[in-house]
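Visitor: next one to model:
(2 chains)
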2 protein chains.
Amino acid sequence: MSFIATPQSMHFEELLPLQSGASIRDYVLAYETYGTLNAERSNAVLVCHALNASHHVAGVYEGQPRSEGWWDNMIGPGKPVDTNRFFVVGVNNLGSCFGSTGPMHTHPDTGEVYGADFPVVTVEDWVNAQARLLDRLGITQLAAVLGGSLGGMQALAWTLQHPDRMRHAVVVASAPNLTAENIAFNEVARRAIVTDPDFHGGHFYRHGVVPKRGLRIARMIGHITYLSDDVMNEKFGRQLRHQVLEQGSQDATVPSGGASYLYSTQDIEFQIESYLRYQGDKFSEYFDANTYLLITRALDYFDPASHYGGNLTLALARATAKFLLISFTTDWRFSPQRSREIVKALLDNRRRVSYAEIDAPHGHDAFLLDDPRYMDTMRSYFDSIAKELA
Amino acid sequence: MSFIATPQSMHFEELLPLQSGASIRDYVLAYETYGTLNAERSNAVLVCHALNASHHVAGVYEGQPRSEGWWDNMIGPGKPVDTNRFFVVGVNNLGSCFGSTGPMHTHPDTGEVYGADFPVVTVEDWVNAQARLLDRLGITQLAAVLGGSLGGMQALAWTLQHPDRMRHAVVVASAPNLTAENIAFNEVARRAIVTDPDFHGGHFYRHGVVPKRGLRIARMIGHITYLSDDVMNEKFGRQLRHQVLEQGSQDATVPSGGASYLYSTQDIEFQIESYLRYQGDKFSEYFDANTYLLITRALDYFDPASHYGGNLTLALARATAKFLLISFTTDWRFSPQRSREIVKALLDNRRRVSYAEIDAPHGHDAFLLDDPRYMDTMRSYFDSIAKELA
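Guide: Predicted coordinates:
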């Protein structure tokens, strides 16, 4: 079993100006810390989260043995990011739905629930909010900022907004911006949510309903893009649902005879359908619809090169951190090519960069899984950071 | 301008037994023919359609100059499939919504609109219905059966169900079955339709509504999977909608400065979003929701190898036709690998197979476009079929 984690929260009265020109005040950030800040205050590691994650990065909550944090395999005592050596900070981002101020909370100016009026937040805004939390925690310079996917974008943004406040950036399964296809998938998910009659223009809280139909569709689309075609075939193939129920078997190699189809357009026929519906149902029970819109938009908007005529090399010139980038061969959502673009731009700037392209079958999801080469790469990199501390 | 096409329809009183065990009677098939059946009745080519297409394969309708058939670039006088030499037959499949009997028509047993009670139809059922139409047209043996995507599955099924009634099969951008990922995309689209409150369990006709929200989502998902990541980046990139409106430019290379975002989660920000919404809106105006479910299910169910323990070589042993297979390098919906599986199984059976893998950037959509190598391959193959006729 993992160690016990304790969620905390910090209230911020002062105005946080946002990239959009709007601002937010009187907000709370939920966070967790693991390990001990050393006397020099030099061993802090900030972990940034992706769409469906939170400040609960590692450990379990008291009395809840199955409540492991989302990166519990990576972070903890003796783990690749070793909390016996590092002071790890996880922060839930503004606009999320796991404890920090978000669309389901009350707007201090109106006394009404924000709903669709929650301001649009960007990766850069999150980084600024995280920096203020670190100020309060007395951390002036981070040993590293670490994140996967959208979390990797935050780590990259940190190197541009606060180059003097960090020594290492670890950017996993990420990209310098989204492709048109990425944006397209986000947009379909958003349309499914926004056009759900229970969305009520984002003010569904007032109506006592939740746009679950839209959230389910959004999550199903997400799941398809997190997995590789190969791993889906291996895990589900063309396996029929009723065969699995009858045989108690998850073996996708059992041939599915045409004769045993139910011949239905609306019932579950294939096991992959059952999996996706289950994931969609589960997600719609706890995830906030406005948060989904906000976080996918933050993904869409992130594009540091846009301020430099699309030139990523110019955009990354400000970054002074040392970098570790990791990508996964079967990740078609954030493909290795996208990581290589970052590597190239950093090398153009003569920055110190390590890059590992891990041959893993699991698609984008691989960044959360236990591939030994991936784990070893992370362990070895954080070992070297720890040596700098000594 | 293309030649004038004239839609026709044929009524079938007699029962058509379906693969599911159900049957359908008293149905109509819409069809078109182009060119002239020769005296030997040996020059007929059947063209099978995919999801969103019909019997209107080529030509234009009288007085409607912009009503070109969906494969008008491929089929017509002097075109790769030359209607000066071939008698081409296009048939709208049962369950579709373009003229043949489908869910929006009246069930002869009940006098009510079929709706969700329209029987589930399979690729094999369509082939049997097409064969009956050809009987009526006096065609005992086809020179070729030709189709792309789902149409290619029908061409493949023809070689198994009626090996003696055809000499060539031309299977473009197709597959021997759907992968788990393909089924997953179909399932998300179906869930979007079925969970639209206007779907009413498939009996929306009675309520005077159409589940347009679901159809829009389904179509948006479809469009993403028809295109390649590369062609989407080239065509849309990260271009902002308002830049296009202001500059009257479709140039995706114009850099999009972060400063010019609208910062909205619900409004159109990127040009790709505008494109997808437009495609979704258009589709929801004319496509039938129950047809969408039926046709995607037919795709899911097709799997000739399933009757042979998953062994495609055994499954294709019955096929005696000569084959042309074509795939497109950037097609990730029906990838070249899937066509190669068919090629291998046919070669295992010592059948005559030609195979062309076209290096085209357009993804699955390429099978409808004008790549010269693709067109030349088709022209040359149909030239050789024409020589056999002489």
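Visitor: could I get the full set of strands for chain A?
Guide: For chain A, applying DSSP state E gives strands covering A:4-5, A:8-12, A:16-17, A:23-24, A:27-34, A:44-48, A:60-61, A:75-76, A:81-82, A:87-91, A:142-148, A:166-172, A:322-328, A:353-358.
Visitor: mean pLDDT for those - can I get that in a markdown table?
Guide: Shown next, in a markdown table, are the strands of chain A (pLDDT from 0 to 100):
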| stretch | mean pLDDT |
| --- | --- |
| strand A:4-5 | 97 |
| strand A:8-12 | 98 |
| strand A:16-17 | 98 |
| strand A:23-24 | 97 |
| strand A:27-34 | 98 |
| strand A:44-48 | 98 |
| strand A:60-61 | 97 |
| strand A:75-76 | 98 |
| strand A:81-82 | 98 |
| strand A:87-91 | 98 |
| strand A:142-148 | 98 |
| strand A:166-172 | 98 |
| strand A:322-328 | 98 |
| strand A:353-358 | 98 |
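Visitor: to residue B:221, which of these lies closest?
Guide: Proximity to residue B:221, assessed across those by Cβ to Cβ, is greatest for strand A:322-328 (24.0 Å). (C-beta placed from N, C-alpha, C; glycine too.)
Visitor: is that closest one anywhere near chain B?
Guide: No. Under the criterion of Cβ under 8 Å from any Cβ of the partner chain, chain B is not reached by strand A:322-328; the shortest gap measures 15.5 Å.
Visitor: what do you get for stretch A:147-161?
Guide: No. If you take Cβ under 8 Å from any Cβ as the test, stretch A:147-161 misses chain B, and the best it gets is 11.4 Å.
Visitor: ok, back up a step: I'd like the strands of chain A as JSON lines, with mean neighbour count appended.
Guide: Shown next, in JSON lines, are the strands of chain A (neighbours: other Cβ atoms under 10 Å in any protein chain shown):
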{"stretch": "strand A:4-5", "mean neighbour count": "18"}
{"stretch": "strand A:8-12", "mean neighbour count": "14"}
{"stretch": "strand A:16-17", "mean neighbour count": "15"}
{"stretch": "strand A:23-24", "mean neighbour count": "16"}
{"stretch": "strand A:27-34", "mean neighbour count": "22"}
{"stretch": "strand A:44-48", "mean neighbour count": "27"}
{"stretch": "strand A:60-61", "mean neighbour count": "17"}
{"stretch": "strand A:75-76", "mean neighbour count": "26"}
{"stretch": "strand A:81-82", "mean neighbour count": "22"}
{"stretch": "strand A:87-91", "mean neighbour count": "25"}
{"stretch": "strand A:142-148", "mean neighbour count": "27"}
{"stretch": "strand A:166-172", "mean neighbour count": "26"}
{"stretch": "strand A:322-328", "mean neighbour count": "25"}
{"stretch": "strand A:353-358", "mean neighbour count": "19"}
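Visitor: save those strands as JSON lines, and put in distance to residue B:183 too.
Guide: Output for these, formatted as JSON lines (distance: least, Cβ to Cβ, whole Å):
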{"stretch": "strand A:4-5", "distance to residue B:183": "39"}
{"stretch": "strand A:8-12", "distance to residue B:183": "43"}
{"stretch": "strand A:16-17", "distance to residue B:183": "45"}
{"stretch": "strand A:23-24", "distance to residue B:183": "43"}
{"stretch": "strand A:27-34", "distance to residue B:183": "38"}
{"stretch": "strand A:44-48", "distance to residue B:183": "34"}
{"stretch": "strand A:60-61", "distance to residue B:183": "36"}
{"stretch": "strand A:75-76", "distance to residue B:183": "36"}
{"stretch": "strand A:81-82", "distance to residue B:183": "38"}
{"stretch": "strand A:87-91", "distance to residue B:183": "36"}
{"stretch": "strand A:142-148", "distance to residue B:183": "28"}
{"stretch": "strand A:166-172", "distance to residue B:183": "30"}
{"stretch": "strand A:322-328", "distance to residue B:183": "23"}
{"stretch": "strand A:353-358", "distance to residue B:183": "28"}
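Visitor: fine by me, we can end here.
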